[in-house]
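S.K.: Here is a sequence with its predicted model. Questions after.
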2 protein chains.
Amino acid sequence: MQLTLNSMVESSTYDLDYIFQALSDPTRRSILRKIAKRERAITEVAESYSMSLAAVSKHIQSLERARLVTRRKEGSYSYISLNADAMSSADKWIQYYRGFWEGNLKSLKNFIENEDK
Amino acid sequence: MQLTLNSMVESSTYDLDYIFQALSDPTRRSILRKIAKRERAITEVAESYSMSLAAVSKHIQSLERARLVTRRKEGSYSYISLNADAMSSADKWIQYYRGFWEGNLKSLKNFIENEDK
DNA sequence: ACATCATTCAACCATATAGTTGACTGATTC
DNA sequence: GAATCAGTCAACTATATGGTTGAATGATGT
C-alpha cells in the first residue's frame, strides 16, 4: 500500500470536503447511525425525523455525494447502507494529525519525510 | 468510565457539528497542517494564502470555535497550535462507525478503552 | 506622541445549505 | 387503467459561509 502525502493526508481534497461537510450535520450523522447495523429503505429512515421526506432525501444525496452511503434499488424501494471507503479517508486524515497531538513520533517522522510532496 | 450513547456516539453534538464543519474546508485543513509541527503566528500562517488576512483570521476563528486550535497571546502576536481533544472527538466518532463497516470489533473495543483520554 | 505592525470588526456581496410545498416519475396493487 | 406508494425535482425562503475592503484597536518601535 502506497502512502503518498496526497493519498494519505488529503486523499482527494474534494472528497474530504464532501465527507467532512456531510458529517457536519447532526441529521446526517443520525442517518448513518440508523443504517449502521443494516441497510434501510429511505422511507423507513425518514420516519424518524420530523422533517419532510424531500428533506431527508436531500440529506441522503449529500451522504451519497460524499460516498458515505451506497444505494441499492429493489422494486420501488431504495435501500441505503454504509460505505467503508469514504469513512476510512476521513479517518486516515484525522489519525494522521492525531499523531502530532499525542506526541506520536512515528507519524511526525512520516510527516516530515513527506512534507512537500 | 461511563459510556452513554450520548458521550460515546455523539460526544456533544454541537461540538461535532463544529469540528466536522471546520474540517470541511481545504484552507482550514491546510492551516492545521501548517501548525502541526509547531505553533505559528497568525500573520505567518496567513502568508501562505492568497486571500486577505481578515479571511484567514475568520478561518482561524472557525477552527477555534471547533476547539481544533488554541491561541496563545504574546505581545502583539497571537500564536496558534493544535488542540488534541477536539480532534480526538471526531476521531472517536469515526472509529466507532468504522466498526460497522469493517465488521471489525477492534475499533469499537479501541474506542471504548480510550473513551476518557 | 506618532507611525507602524498584528489582528479584528463591520458592512457588504455571492453562493451554498437546510428546509418547505407541490408537481412529477416509476413501480405496485386493486 | 386508476389509485397508491416510494422517491425525486423544481421553485422558493431563510440563514450560513467564504470572501472582500476599509475602519478600528492595541502593542511596539522611534
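M.R.: Looks like it came in fine. Everything quoted here is computed from the prediction, not taken from an experiment. Numbers count the residues shown, from 1 in each chain, chains lettered A, B, ... in the order given.
S.K.: B:Asp15 is in contact with A:Pro26, correct?
M.R.: No: taking contacts as Cβ atoms under 8 Å, A:Pro26 lies outside contact range of B:Asp15: 10.9 Å. C-beta coordinates here come from the backbone N, C-alpha and C atoms, glycine included.
S.K.: Looking only at neighbour counts, state which of these two leads.
M.R.: For A:Pro26 versus B:Asp15, the count of surrounding residues by other Cβ atoms under 10 Å in any protein chain shown is larger for B:Asp15: 18 against 14.
S.K.: thinking that one is in contact with B:Asn83, fair?
M.R.: No: B:Asp15 is beyond contact range of B:Asn83, at 11.9 Å (criterion: Cβ under 8 Å).
S.K.: anything in contact with each of the two?
M.R.: B:Arg67 (Cβ atoms under 8 Å, 6 or more residues apart in numbering or on different chains).
S.K.: Under the pLDDT cut-off, which ranges of chain A? List them.
M.R.: Counting by pLDDT under 70, chain A contains low-confidence residues at A:1-14, A:84-117.
S.K.: how does it look with 50?
M.R.: Counting by pLDDT under 50, the ranges of chain A that qualify are A:1-9, A:103-117.
S.K.: which bits of it sit near DNA strand D?
M.R.: Selection of chain A residues close to DNA strand D by Cβ under 7 Å from any atom of the strand yields A:41-44, A:46, A:53-54, A:57, A:60-61, A:76-79.
S.K.: Go through those residues and single out the one with the most neighbours.
M.R.: Counting neighbours by other Cβ under 10 Å, the top entry in the residues of chain A next to DNA strand D is A:Ile60, with 21 neighbours.
S.K.: Determine the set of other helices and strands touching the helix or strand harbouring it.
M.R.: Element membership for A:Ile60 (DSSP states H and E) is helix A:53-65. For helix A:53-65, the packing partners by 3 or more Cβ pairs under 8 Å, 6 or more residues apart in numbering or on different chains; DSSP states H and E come out as helix A:13-23, helix A:26-34, helix A:42-47, strand A:69-74, strand A:77-82.
S.K.: now the first one against helix B:13-23, angle please.
M.R.: Helix A:13-23 and helix B:13-23 are oriented at 160 degrees to each other (axes from the mean of the first three to the mean of the last three Cα atoms, to 10 degrees).
S.K.: quick one: buried residues of helix A:13-23?
M.R.: A:Asp15, A:Leu16, A:Asp17, A:Tyr18, A:Ile19, A:Phe20, A:Gln21, A:Ala22, A:Leu23 (16 or more other Cβ atoms under 10 Å in any protein chain shown).
S.K.: Could you check how many residues crowd around A:Arg38?
M.R.: A:Arg38: 10 surrounding residues under other Cβ under 10 Å.
S.K.: What residues does the spatially closest residue to it that is not a sequence neighbour make contact with?
M.R.: Nearest residue to A:Arg38 in three dimensions, chain neighbours excluded: A:Ser81, at 7.4 Å (Cβ to Cβ, 6 or more residues apart in numbering or on different chains). A:Ser81 is in contact with A:Ile35, A:Arg38, A:Glu39, A:Arg40, A:Val69, A:Thr70, A:Arg72, counting by Cβ under 8 Å, 6+ apart.
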